[in-house]
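**Student:** Sharing a sequence plus its predicted fold:
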Amino acid sequence: MFCAFRPSLPTLIAARALGGLCWGLAAVHYPTWVNRYGPADKRTLWMAGINAMLLTGIVSGYVVGGLSRAMGAASWEFLYLTEGLLMLGCGICGSRFDSSVVQVQATEGASEAEEKLPSEAESTGQKASLIPKELKALGSSGLFLSTLAAGCFQSGSVGFMLYFITQALGAIFHWSAETISIVVSIVITVGPIGGIILGANYLNSVGGYRNYRRANAMMAVCAICSLLSGCCLPLAGSSPIFYSIANLGLLLFGAAPTAAINGIAVSCVPEAKHFASAAQFAAQNLAKLLIPLLGGVVIDHIGLARGYHAVTIGSLVLYTIAACTAYLQAARQDAEEE
């Protein structure tokens, strides 16, 4: 709100940084809360709901902001002020929740004793390590690391597309800003949100994300389908219909495993679920920074259309490799438990 009243580059950067910091402090707890307190038969759907609502907010902001700016209906300062007021309202409403709404009865078998298990160093009287035991546990879990990588490349791909898709469409089809805003809004709304909901419904029907083998199998298949859709982008030529279908398939299949990725990450190492959520959140947002940053360099060197297609397909290749690796790790874990 201060930035809206005193617009400048420093206040804008400060507002973005402070807003991201405060959002991150709260966001890391949402997946762990669902994983611990969500009903077993609906836990996966709850996890999907968090991501779907987050994406709905992003898309609605894109629609309102993009159309307002394209049509000259509002300045960015007014839109930023509106965003600040909405966030303030959400914060006030959230602070008024009754404690019984949040501190519900746990549905897992975990007890307080499990939550406060002494560290190995404490139990043996040795000096505690500088590296928390939770991070060591995460680092030794191949399933967590490969799932984390899949989430990073998934998030980075989406972040890159959100940054450059409007420019790419303008360069390829020479559409007006209004047309691009409408087309992108439809594709982004139907693709990722539809994919998240459909993927969660399927996963919920086969036992939820805690059925690691089935969940990772779905992730691998969806990643492959997303990659194939991405490979169709440069082949679509100058056909807006085929290009839109390829983008729709890319986003729908790419987003379908979202609930699985977030759920597996916070549950596969039970003693480090809060660390896992924080690591996942930080890594995914770092990927959203690095992939668009590196993608911009590629675009500057080989051109907008070619660079957009190359970076999109390249990040989807890495997403597919990570997803298939996660499946192999889940299959090996199942075999060891048997």
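**Tutor:** Sure, I can see it.

**Student:** quick one: the helix or strand where Val266 lies to chain centroid distance?
**Tutor:** According to DSSP states H and E, Val266 maps onto helix 258-267. When C-alpha coordinates are averaged (CA atoms, centre = their mean, to the nearest Å), helix 258-267 and its chain have centres 10 Å apart.

**Student:** then that helix to CSV, C-alphas only?
**Tutor:** In CSV, the C-alpha atoms belonging to helix 258-267 read as follows (Å, rounded to 0.1, in the frame of the first residue of the first chain):
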residue,chain,number,x,y,z
THR,A,258,1.0,-30.9,-8.2
ALA,A,259,-0.9,-32.4,-5.2
ALA,A,260,1.3,-35.6,-5.5
ILE,A,261,4.5,-33.6,-5.5
ASN,A,262,3.7,-31.4,-2.5
GLY,A,263,2.1,-34.3,-0.6
ILE,A,264,5.0,-36.7,-1.1
ALA,A,265,7.6,-34.1,-0.2
VAL,A,266,6.0,-33.4,3.2
SER,A,267,5.2,-37.0,4.1
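
**Student:** Can you name the secondary structure element that comes next after that helix?
**Tutor:** As assigned by DSSP H and E, the chain's next helix or strand after helix 258-267 is helix 273-302.

**Student:** List the buried residues of that next one.
**Tutor:** Residues 273, 275-281, 283-285, 287-288, 291-292, 295, 299 are the ones in helix 273-302 that count as buried (16 or more other CB atoms under 10 Å). Any C-beta I mention is one placed from the backbone N, CA and C, and that applies to glycine too.

**Student:** Count the residues that sit near Leu9.
**Tutor:** For Leu9, the neighbour count with other CB atoms under 10 Å is 7.

**Student:** how far away is it from Ser146?
**Tutor:** In this structure, Leu9 and Ser146 are 40 Å apart, going by CB to CB, to the nearest Å.

**Student:** next one: Tyr319
**Tutor:** Distance, Tyr319 to Ser146, using CB to CB: 11 Å.

**Student:** out of these two, which sits in the busier spot?
**Tutor:** It is Tyr319, of Tyr319 and Ser146, that has more neighbours when counted by other CB under 10 Å, with 28 against 23.

**Student:** now the angle from the helix holding Val266 to helix 273-302?
**Tutor:** Angle, helix 258-267 to helix 273-302, by axes from the mean of the first three to the mean of the last three CA atoms, to 10 degrees: 130 degrees.

**Student:** And the strands in the stretch 1-150 of the chain, which stretches?
**Tutor:** Applying DSSP state E, counting those that start in this stretch to the stretch 1-150 of the chain gives no strands.

**Student:** which stretches of it have low pLDDT?
**Tutor:** 62-63, 66-67, 69-70, 99-129 (pLDDT under 70).

**Student:** mind redoing it with 90?
**Tutor:** Within the stretch 1-150 of the chain, the stretches with pLDDT under 90 are 1-137.

**Student:** isn't Val59 right up against Ile188?
**Tutor:** Yes: between Val59 and Ile188 a contact is recorded at 5.3 Å, counting by CB atoms under 8 Å.

**Student:** Could you check how many residues crowd around the closest residue to Leu198 other than its chain neighbours?
**Tutor:** Leaving aside its sequence neighbours, Leu198 sits nearest to Ala256 (CB to CB, 6 or more residues apart in numbering; 6.1 Å). Using other CB under 10 Å, the number of residues around Ala256 comes to 29.

**Student:** before we move on, what about Phe173?
**Tutor:** Close neighbours of Phe173, defined as other CB under 10 Å, add up to 14.

**Student:** In this structure it contacts Ser238, no?
**Tutor:** Yes: with contacts counted by CB under 8 Å, Phe173 reaches Ser238, the gap being 7.1 Å.

**Student:** List the buried residues in stretch 9-18.
**Tutor:** Buried-residue list, stretch 9-18, by 16+ other CB under 10 Å: 12, 15.

**Student:** And the contacts of it?
**Tutor:** Stretch 9-18 has contacts (CB atoms under 8 Å, 6 or more residues apart in numbering) with 2-3, 80.

**Student:** With stretch 137-144 instead?
**Tutor:** Outside stretch 137-144, the residues within contact range by CB under 8 Å, 6+ apart are 145, 212, 264-265, 268-269, 271-272, 275-276, 279, 326, 329-330, 332-333.

**Student:** Val317: neighbouring residues, count only.
**Tutor:** Val317 has 15 nearby residues by other CB under 10 Å.

**Student:** excluding its backbone neighbours, what's nearest it?
**Tutor:** Closest to Val317 by CB to CB, 6+ apart is Leu227, at 6.3 Å.
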